[in-house]
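Asker: Let me see the structure of the following:
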Amino acid sequence: DDDGDGGNAGAWGSAGVQYWVRVTTQAGTPTPWKYDFPDAQWTHISSYTVRARATDVPGTQSSVVGPVGFTFDTGYSTSGVVSPTNGGYITVSNPQIIGTAQDVVSGMQTIEIAISSSAAGDAGSWWTGSAYTSAAEVWVTTTTYDFTVEPDSWTFIPSGLENGKTYFLKRRLTDAALNA
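Answerer: I've put the predicted structure just below:
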């Protein structure tokens, strides 16, 4: 069986069972290879192990390389804004936005913020890094990020704020598995 399902269409079979599959080779030295698995064969938060071996034209097999283990992660991270609260205020003496982030499977990689000087996030009102003039979101990383607390915490210190104005904030999270 060379499609990775152990003769059982769409399934891997029992845990601990080893399946060898044929892969697509590519040009290069050493010869790189890849195998495209259908997403349906993977289970979120499950661990998998990969081993590799090569067979040359006469049929001689190399020794097994590996194992390399990984966890399949399709989940999304969660985030919240702790301060200011929705409709709350930021002061000139302490212009910071504080939040939390969590990804229980692979952990956080980046937390990015886009801020608009329009309460509705209108075009032409997004922070560019120097002015609130961009037509669309411009994502910037948070000022600080602390993964040593649970949940993780982040801080963003906005610039160019005007007294009495309402701002619109968006968060974008990317975990270590690159789920965004």
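
Asker: Next one, pLDDT for the residue of the chain positioned farthest from its centre please.
Answerer: For the chain, the C-alpha farthest from the mean C-alpha position belongs to Pro58; by C-alpha atoms, centre = their mean, that distance is 43.0 Å. The predicted local distance difference test score for Pro58 is 90.

Asker: Extract the residue ranges of this structure that are flagged as low pLDDT.
Answerer: Across the chain, the stretches falling below the confidence threshold (pLDDT under 70) are 1-16, 39-40.

Asker: tell me the contacts of the closest residue to Ala123 other than its chain neighbours?
Answerer: Taking C-beta to C-beta, 6 or more residues apart in numbering as the measure, Ala123 lies nearest to Ala135, with 4.6 Å between them; neighbours along the chain are not counted. For glycine as for every other residue, the C-beta is placed from the backbone atoms N, C-alpha and C. Counting by C-beta atoms under 8 Å, 6 or more residues apart in numbering, Ala135 makes contact with Ala123, Gly124, Trp126.

Asker: The second one touches Ser117, doesn't it?
Answerer: No - using C-beta atoms under 8 Å as the test, Gly124 is too far from Ser117 to be in contact (9.3 Å).

Asker: Which residue of these two possesses the greater neighbour count?
Answerer: Shown here are Gly124 and Ser117; by other C-beta atoms under 10 Å, Ser117 has more neighbours (21 against 12).

Asker: What sits closest to the more buried one if chain neighbours are left out?
Answerer: Counting by C-beta to C-beta, 6+ apart, the nearest residue to Ser117 once its immediate chain neighbours are dropped is Tyr132, at 3.8 Å.

Asker: wait, Leu178 sits on Gly107?
Answerer: No - the pair Leu178 and Gly107 does not pass the contact test of C-beta under 8 Å, sitting 11.9 Å apart.

Asker: Mind checking which of those two has more residues around it?
Answerer: Each of Leu178 and Gly107 has its neighbours counted (other C-beta under 10 Å); Gly107 has more, 15 against 10.
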